[in-house]
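Enquirer: Sequence and predicted structure, then a few things I'm wondering about:
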Amino acid sequence: MPAQPARPAPTGSPGPSARRTAFAEGVDRLRDAATTEPGRLRMIGAVLALLVVAFGAVTAWQASERAAAADDVLHRSQPLSSGAADIYRSLADANTAASSGFLAGGQETAASRDRYEKDIQTAASGLVTAAANAEPGSASEATIARLNKLLPEYKGLIERARTYNRQGYPVGGAYLRYANEKMQKEMLPTAEDLYTKENQRLDADYGDATPYPWVAIALGVLALAALGWAQQRSYRRTNRVLNHGLVAASSATTIALLWLVVGHAVARSELNGSYDHGIRSLTVLHDARIASLKARGNENLSLVARGAETITVDGQTYDAYYYDFDKDMTTLGNGLTRAAKLADDQGGSAPVKAAEGNMAVWKQRHAAARTEDEDGNYQLALDKVIGAKGATGECFDSVDANLARAIDHEQTEFQQAAGDGRDAMTGLPVGAAVLAVLGAAGALFGIGRRLSEYR
């Protein structure tokens, strides 16, 4: 009988040499693994190790970010914020020293001249530091460039005022008023803008340093829950109370989680304390000190102008500099009241209370000087403002010195609290990573011991 020809394979059926795809085979293996105890154990071990490693990695990442932000608060943004405040204070104090020297006429004291020069140098140095730390193309860089342009213009006006004043020309007073106008309307607002921007950078660093690391905490809790479930499952199937590998993994994870929670809680508390009892107090004290400087400058300029500058408010005309002096003294008084409430110890409250007493005497002496000036007794008024004894200048110097003491105290308080906050997270990123590796190894070891029973 002749051989029958072989029938072709039905359409769509695999040929004798056809092979299944790797993906299909992988799915079959995974299905087989899920239906056998050794397979399930391997999957459990892999998931446990992955969870513990993920917890350690996220903890290291979030802790590193917060530690870096805390270090920026301590060593970058807060010093730059204080530096911007010093620029503002130095400019305002230079303006005050210039007006004081002008009132002395040709007998300007060396102390007054040195104070002015020192303030200008401090402001210039502060601008160099701020420029070095400004982001290229940022608003802060533009603000610093503007101040660097205005500073020599102001100095030129002051030098002209001094030159004409020594020669006895009245035009010297006009140049001093021009310089004061440039300072009050251009330079100080620009310096205040720089101060505001640096404070915004400081607030941003605090915002990065203090939030709770919720993602890391959630992963830690999830990893512990998974390890607990794995141990309970092992106990139900083997009646063994402890699996040494899983216990070691749980211990390492627990230590890392407690370290994260406690360390960050301490860091957050200290950083918040440094803000509440350091930054807020420093801001109020800087503002009060600047108000006192502006008040002193306006007090001096009221005698320089001799009524040439007036302002109309609600239909009434006032001497512009006396009017601004009263506003500045109100700001100073409100600032000292707030600073006294914020001070949390004797070292902070004592200089503030002393400054309040100095301010009260200053207002009394100023009222007497103003009366003499309005009565036409210019020389008597001048003596009560810049005289050697019993003048308002003594009160201003005392207010300024006490505010400087209070600022130094609060700066120390801030540095200690912020340093403690940063140190509370020291070693956490590395420690969490090491504990995660140990925990993952413990989980794999514990599951491996169970797998060995099936060989």
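Expert: Alright, I've got the coordinates.
Enquirer: just the CA coordinates of stretch 210-228, formatted as PDB?
Expert: Only the C-alpha atoms of stretch 210-228 are listed here, as PDB (Å, rounded to 0.1, in the frame of the first residue of the first chain):
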ATOM      1  CA  THR A 210      11.300  70.500  59.900                       C
ATOM      2  CA  PRO A 211       8.600  68.500  58.100                       C
ATOM      3  CA  TYR A 212       8.100  65.000  59.400                       C
ATOM      4  CA  PRO A 213       9.500  62.300  57.000                       C
ATOM      5  CA  TRP A 214       6.100  60.600  56.600                       C
ATOM      6  CA  VAL A 215       7.100  58.500  53.600                       C
ATOM      7  CA  ALA A 216      10.000  56.900  55.500                       C
ATOM      8  CA  ILE A 217       7.800  56.400  58.600                       C
ATOM      9  CA  ALA A 218       5.100  54.800  56.600                       C
ATOM     10  CA  LEU A 219       7.600  52.400  54.900                       C
ATOM     11  CA  GLY A 220       9.000  51.500  58.300                       C
ATOM     12  CA  VAL A 221       5.600  50.700  59.800                       C
ATOM     13  CA  LEU A 222       4.800  48.700  56.600                       C
ATOM     14  CA  ALA A 223       8.100  46.700  56.800                       C
ATOM     15  CA  LEU A 224       7.500  45.900  60.500                       C
ATOM     16  CA  ALA A 225       3.900  44.800  59.800                       C
ATOM     17  CA  ALA A 226       5.200  42.500  57.000                       C
ATOM     18  CA  LEU A 227       7.900  41.000  59.200                       C
ATOM     19  CA  GLY A 228       5.300  40.500  62.000                       C
END
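Enquirer: buried residues in that stretch?
Expert: 210, 213, 216-217, 219-220, 223-224, 226-227 (16 or more other C-beta atoms under 10 Å). Yep, even glycine has a C-beta here, placed from its N, CA and C like the rest.
Enquirer: As TSV, the residues you listed with distance to Val58 and pLDDT would be great.
Expert: Shown next, in TSV, are those (distance: C-beta to C-beta, whole Å; pLDDT from 0 to 100):
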residue	distance to Val58	pLDDT
Thr210	18	91
Pro213	8	93
Ala216	5	95
Ile217	9	95
Leu219	6	95
Gly220	9	94
Ala223	11	95
Leu224	14	94
Ala226	15	94
Leu227	17	93
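Enquirer: Mind putting the residues you listed into TSV with secondary structure?
Expert: Listed next are these as TSV, based on DSSP: H, G, I helix; E, B strand; the rest coil:
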residue	secondary structure
Thr210	coil
Pro213	coil
Ala216	helix
Ile217	helix
Leu219	helix
Gly220	helix
Ala223	helix
Leu224	helix
Ala226	helix
Leu227	helix
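Enquirer: In a markdown table, list those along with distance to Gln167.
Expert: Shown next, in a markdown table, are the buried residues of stretch 210-228 (distance: C-beta to C-beta, whole Å):
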| residue | distance to Gln167 |
| --- | --- |
| Thr210 | 60 |
| Pro213 | 69 |
| Ala216 | 72 |
| Ile217 | 74 |
| Leu219 | 78 |
| Gly220 | 78 |
| Ala223 | 83 |
| Leu224 | 84 |
| Ala226 | 88 |
| Leu227 | 88 |
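Enquirer: ok, of those, which one's closest to Glu186?
Expert: Thr210 (36.8 Å; C-beta to C-beta).
Enquirer: Surely the closest one is in contact with Gly273?
Expert: No: counting by C-beta atoms under 8 Å, Thr210 stays clear of Gly273, with 11.1 Å between them.
Enquirer: got a list of what the residue nearest to Met183 when sequence neighbours are not counted touches?
Expert: Leaving aside its chain neighbours, Met183 sits nearest to Asn95 (4.7 Å; criterion: C-beta to C-beta, 6 or more residues apart in numbering). With contacts defined as C-beta atoms under 8 Å, 6 or more residues apart in numbering, Asn95 is in contact with 179-180, 183-184, 293, 297.
Enquirer: May I ask which helix or strand encompasses Asn95?
Expert: Counting by DSSP states H and E, the element that carries Asn95 is helix 78-103.
Enquirer: Check Ile311 too.
Expert: With DSSP H and E as criterion, Ile311 is part of strand 310-313.
Enquirer: which residues sit against that strand?
Expert: So strand 310-313 is contacted by 317-320, 323 (C-beta under 8 Å, 6+ apart).
Enquirer: Quick one: mean pLDDT over that strand.
Expert: Regarding strand 310-313, the rounded mean pLDDT is 76.
Enquirer: same check, this time on stretch 55-65
Expert: For stretch 55-65, the per-residue pLDDT averages 94.
Enquirer: what about that stretch, distance to the chain center?
Expert: The chain centre lies 22 Å from the centre of stretch 55-65; the measure is C-alpha atoms, centre = their mean, to the nearest Å.
Enquirer: So which bits of that stretch are buried?
Expert: Those would be 55-56, 58-64, for stretch 55-65 by 16+ other C-beta under 10 Å.
Enquirer: just to revisit the earlier point, can you turn the buried subset of the contacts of strand 310-313 into a selection I can paste into ChimeraX?
Expert: Buried residues within the contacts of strand 310-313, by 16+ other C-beta under 10 Å, are selected in ChimeraX with:
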select :319,320,323
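Enquirer: Compile the contacts of Asn95 into CSV and extend it with columns for pLDDT and neighbour count.
Expert: Converted to CSV, the contacts of Asn95 look like this (pLDDT from 0 to 100; neighbours: other C-beta atoms under 10 Å):
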residue, pLDDT, neighbour count
Ala179, 89, 25
Asn180, 85, 26
Met183, 89, 24
Gln184, 85, 17
Leu293, 88, 28
Gly297, 85, 27
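Enquirer: Closest to Leu332 out of these?
Expert: Nearest to Leu332 among the contacts of Asn95, with distances taken as C-beta to C-beta, is Leu293, at 9.6 Å.
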